[in-house]
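> Please find the sequence and the predicted model below.
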Amino acid sequence: MAMATEWSAVMFAACAAGVAYAYLGYPALIAALSRLFGRPPVAPRVPDDDLPRIVLVVAAHDEEEVIEARVRNALDQDYPPGRLTVLVASDGSTDRTAEIVRRFADRGVLLIDDPVRRGKAGALNRAIAAVDADVAILTDANTHFAPDAARNLARWFVDPKVGAVCGRLILQDPRTGRNVDGLYWKYENHLKRCEGRLGALLGANGAIYAIRRDAYVPIPDGLIVDDLVIPLLSRLRTGLAQVYDDGAVAFETTPPRLGSEFRRRCRIGAGDMQSLGTLWPLLDPRRGWIALAFASHKVLRWAGPFLLLGMAAVCLARRGDSPYRELLAAQAAFYALALATALAPAGPRVPRPLRLAAMFAGMNAALLVGFVRCLLGRQAAGWSRTERLGGAGEAS
């Protein structure tokens, strides 16, 4: 009995420590390390004649409601004439997406209209191979760029040591257009800045990132999380650096309620597990800071659902004993509040602690569902638009 009690305590403590480190300990550690050993990248000043030729690639599936606005926004970028090409890769769209894009042919907008839906990875492979450019900027159909976003991304590539650049995504309220970056989103952007100072940036944001075209490594058509794998696979193959530029800004609307993102997060969870088969070499300690970042920020966080299940299993098995009885009740109350918040209809502003609880629980639940789908081979590579107010969607 004493031995069982001891092992229960060790197992619960280990699982709780893993979760605490992933979400609290690692951010504190990487912030300290970036201050001690990091160096913030300095953006170069580049005259127009030296800016690279870029192709702005929009992967789209059934985006008739937003594609015209996206193309116009891309054409309005402050970039030297003749050095920016806009290309829309329609992946098996069954609506008017391709028809709308063709209206811009006289302004140089290119269209790849694949009648067969193959997935976002395949659409990006075909798009990047089709255009002669120095840099590819990858984005989504529901994203809008600030006027100088393309210029800010492209300027970094005058340095031959830079292979990829990640921009900053700002979340907006779909009703008012106000910035509604939540605490969690600010937390994620803070991690990107810290990791970027150490040369350990992990992937990018699918809404706004750029990659040197000759450093692009074609990815399997069935790959799901392109914005994670493309920059990191390029780094593994070429050794070129990744940079985070929070001056390269994109905007995207938030979903009308917390629960509407769950399906997309399940898909990303499946993609995270899938990506380990490609990105596991990043765990080699000889790779330095990026090995620490990948293990802590990605792999350990992906293990979060199993750590949380381990905590619940210990408490359930020892539910007749204190303090496990109280800990089990606390966990049940936490998840009940999180679920109620996620299912609440759109309306009055939800208190921040409840939103964080719902986001944390929902993210881990989606990871778990995604991992199961990946193991069972039930997660398709094709992506679907996430419901937004005002018709905007997300293709991540």
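That came through, no problem. Residues are numbered from 1 along each chain as shown.
> Where does the prediction get shaky in the chain?
Within the chain, the stretches with pLDDT under 70 are 1-5, 173-182, 254-261, 345-348, 378-396.
> mind giving me the domain ranges of it?
For the chain, automatic domain parsing gives the domain ranges 1-37+262-387, 48-254.
> what's the residue closest to the geometric middle of the protein?
Central residue of the chain (CA atoms, centre = their mean): Asn205, 4.5 Å from the mean position.
> ok, and the closest non-adjacent residue to that residue?
Leaving aside its sequence neighbours, Asn205 sits nearest to Leu169 (CB to CB, 6 or more residues apart in numbering; 5.0 Å). Any C-beta I mention is one placed from the backbone N, CA and C, and that applies to glycine too.
> Regarding that neighbour, what is its secondary structure?
strand (DSSP: H, G, I helix; E, B strand; the rest coil).
> Check Ala136 too.
Three-state call for Ala136 (three-state DSSP): strand.
> Count the neighbours of it for me.
24 (other CB atoms under 10 Å).
> Quick check, it in contact with Arg126.
No. Ala136 lies out of contact with Arg126 (CB atoms under 8 Å); the separation is 12.0 Å.
> give me every residue that touches the residue nearest to Asn205.
Counting by CB atoms under 8 Å, 6 or more residues apart in numbering, Leu169 makes contact with 143, 205, 207-208, 249-252.
> Mind putting those residues into JSON lines with distance to Leu354 and secondary structure?
Shown next, in JSON lines, are the contacts of Leu169 (distance: CB to CB, whole Å; DSSP: H, G, I helix; E, B strand; the rest coil):
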{"residue": "Thr143", "distance to Leu354": "28", "secondary structure": "coil"}
{"residue": "Asn205", "distance to Leu354": "26", "secondary structure": "coil"}
{"residue": "Ala207", "distance to Leu354": "26", "secondary structure": "coil"}
{"residue": "Ile208", "distance to Leu354": "30", "secondary structure": "strand"}
{"residue": "Val249", "distance to Leu354": "29", "secondary structure": "strand"}
{"residue": "Ala250", "distance to Leu354": "28", "secondary structure": "strand"}
{"residue": "Phe251", "distance to Leu354": "26", "secondary structure": "strand"}
{"residue": "Glu252", "distance to Leu354": "23", "secondary structure": "strand"}
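> out of those residues, who has the most neighbours?
Ile208 (31 neighbours).
> Quick one: residues contacting that one.
For Ile208, the contact set (CB under 8 Å, 6+ apart) comprises 137, 139, 143, 145, 149, 153, 166-169, 248-250.
> Now do the same contact list for the closest residue to Phe37 other than its chain neighbours.
Once flanking residues are discounted, Phe37 sits nearest to Leu198: 6.5 Å by CB to CB, 6+ apart. The contact partners of Leu198, taken as CB under 8 Å, 6+ apart, are 30, 33-34, 37-38, 289, 293.
> and what of Ala204?
Neighbouring residues of Ala204 by CB under 8 Å, 6+ apart: 164, 166, 227-228, 230-231, 242.
> Of the residues you listed, just say which sits nearest to Gly18.
Leu228 (21.1 Å; CB to CB).
> out of everything not next to it in sequence, what's closest to that closest one?
The nearest residue in space to Leu228 (CB to CB, 6+ apart) is Gly203, at 3.7 Å.
> which residues touch that neighbour?
166, 225, 227-232.
> Please flag which of those residues sit within strands.
Among those, the residues falling in strands (DSSP state E) are Cys166.
> Quickly note the distance from the residue nearest to Phe37 to Ala241.
With distances taken as CB to CB, to the nearest Å, Leu198 is found 11 Å from Ala241.
> what does Thr85 give?
Look at Thr85 and Ala241: by CB to CB, they are 25 Å apart.
> before we move on, what about Pro147?
According to CB to CB, Pro147 stands 26 Å off from Ala241.
> Looking at these two, which is more packed in?
Ala241 (17 against 12).
> Report the contact partners of the more buried one.
Neighbouring residues of Ala241 by CB under 8 Å, 6+ apart: 161-163, 199, 235.
> distance of Ile290 from Leu153?
Ile290 sits 21 Å away from Leu153, taking CB to CB as the criterion.
> got it, and Arg103?
Distance from Arg103 to Leu153, by CB to CB: 26 Å.
> Those two: which has the busier surroundings?
Looking at Arg103 and Leu153 with other CB under 10 Å, you find the greater number of neighbours at Leu153, namely 28 against 11.
> ok so that one is a helix residue?
Yes. Counting by three-state DSSP, Leu153 falls inside a helix.
> List the contacts of it.
54, 135, 137, 165, 167, 208-210, 245, 248.
> which one of those residues has the most neighbours?
Of the contacts of Leu153, with other CB under 10 Å as the count, Ala210 tops at 33 neighbours.
> Run the chain-centre distance for the one helix or strand it maps to.
Assigned by DSSP states H and E, Ala210 belongs to strand 208-212. The chain centroid and the centroid of strand 208-212 are separated by 13 Å, computed with CA atoms, centre = their mean, to the nearest Å.
> and that strand, which strands flank it?
Sheet partners assigned to strand 208-212 using DSSP bridges are listed as strand 135-140 (antiparallel), strand 162-172 (antiparallel).
> starting at the chain centroid, how far to stretch 220-229?
For stretch 220-229, the distance to the chain centre is 11 Å (CA atoms, centre = their mean).
> The contacts of Leu169: which two are farthest apart?
Across the contacts of Leu169 (CB to CB), the longest gap, 12.1 Å, separates Asn205 and Phe251.
> ok, Ile54 to Glu68 distance?
Taking CB to CB, one finds Ile54 at 21 Å from Glu68.
> meant to ask about Ala13, not that
Counting by CB to CB, the gap from Ala13 to Glu68 is 55 Å.
> helices or strands up against the top helix by length along the chain?
Assignment by DSSP state H gives helix 352-376 as the longest helix of the chain. Applying 3 or more CB pairs under 8 Å, 6 or more residues apart in numbering; DSSP states H and E, we find helix 352-376 packed against helix 183-197, helix 262-279, helix 304-317, helix 324-343.
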